[in-house]
Structures are given as structure tokens and as C-alpha cells.
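In: Here is my input; please provide its structure:
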Amino acid sequence: MAKVGLFFGSQTGNTETIAEQIQEELGGDSVVALHEISDASPDDFSGYDCIIVGCPTWDLGGIQSDWDGFYEGDLDSIDFSGKKIAYFGPGDQVGYSENFQDAMGLLEEKISGLGGETVGHWSTDGYEHEASKAVKNGKFVGLALDEDNQPELTDERVKAWTAQIKSAFAL
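Out: Numbers count the residues shown, from 1 in each chain. The predicted model follows:
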């Protein structure tokens, strides 16, 4: 069984593509198992001590629709105690500068409240946004990507972030 569970929702395909890139950077499907949140159950989380959550921010700071239903119900039934959780998400820092990466921040806040330990914080340097629920103590709670305005930086950011995650997850 893979050591890491990567749970994602994807509206346009960007989050899924990034999830696959992260999976490859961390060692492939023998290390990271991908789970579309629309097909996942709370039991799917129990087999992993290391979890990656991928969710785009949708509309005006909302959680992507596949995550939305899970967030409102099933997520509360999961005990994340003792689990290390990393986050990533695409967003639009220009068109939605007042709520860039809010979905990632909302998920991190809830999962931390359920016992999860957040790893993989990411610098806000190189981003231009007004506000974000994903910024805590001056850093994003996870990897912030912007496929609309900075797609040329995605590969470099994913490589740097996954190097950090390898260490945090002891891969």
C-alpha cells in the first residue's frame, strides 16, 4: 500500500494534473495513492499517516464542489490525530485577489481542528494578492499555485515543495 494518500477535487482538470505531478515527484503510485474526493469515503483516510489535500478555490473564496459536500459532512467524522497533512491548490491571485487560496485555508483550519498536523508551509513571496484565509504566520499553509497568471512557475514550485514534503513525510 502507498504511504501517502493524496485527496483532491478538480473542476477544470488543473488540480488533477498537479496531483499527478506531485505523485510523480514523490515517487509514483507506489508511494502516493490518488483519491478523487468525489469517490472517497472517510474510511479511505484511515490507512494513511501522511495525507495531501488538493483543492482549488472556486468562485469568491469557496471550496470546489466535490470537496464542498465532503467538507460539510464526512470530514467531521475523521480523526486526523497523529497524521501529517500537506495542502496545495490552484487559484487566481489577480481576478480573486481578496480571497486567493481561501479554500486551502478553510480545509486546513478544519482538518487542524480535527487533530491534523500541517506540514509544507509555503512562502508568500512572488504572489500579488490582497488577502487569503490560507496565510497564517506570514506563510501559506500549503503550496499556492496560479495556473491563470503564473503557469510558468508551477513546475519549479511543485519541485521545491515536494522536496520539502519528502522530508516532512520521511519519504
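
In: Around residue 168, how many other residues sit close by?
Out: 16 (other CB atoms under 10 Å). All C-beta atoms are positioned from the backbone trio N, CA, C, and that covers glycine.

In: shouldn't it be in contact with residue 87?
Out: No. The pair residue 168 and residue 87 does not pass the contact test of CB atoms under 8 Å, sitting 12.0 Å apart.

In: same for the longest strand that the chain contains, what does it pack against?
Out: Taking DSSP state E as the criterion, the chain has its longest strand at strand 84-90. Applying 3 or more CB pairs under 8 Å, 6 or more residues apart in numbering; DSSP states H and E, one finds that strand 84-90 contacts helix 14-25, strand 50-54, helix 102-113, strand 117-118, strand 143-145, helix 154-168.

In: related to what we said a few turns ago, tell me, what's touching residue 168 and residue 87 both at once?
Out: residue 120 (CB atoms under 8 Å, 6 or more residues apart in numbering).

In: how about stretch 40-52: buried residues?
Out: Of all the residues in stretch 40-52, those buried under the rule 16 or more other CB atoms under 10 Å are 40, 44-45, 48, 50-52.

In: Residue 62 is in contact with residue 96, correct?
Out: No. Checked against CB under 8 Å, the pair residue 96 and residue 62 is beyond contact range at 10.1 Å.

In: and these two? which has more neighbours close in?
Out: Between residue 96 and residue 62, counting by other CB under 10 Å, residue 96 is the more crowded of the two (21 against 15).

In: what's near enough to touch that one?
Out: 57, 60-61.

In: cool, and residue 82?
Out: By CB under 8 Å, 6+ apart, the neighbours of residue 82 are 49, 115, 117.

In: Can you report how many residues lie near residue 126?
Out: Residue 126: 12 neighbours (other CB under 10 Å).
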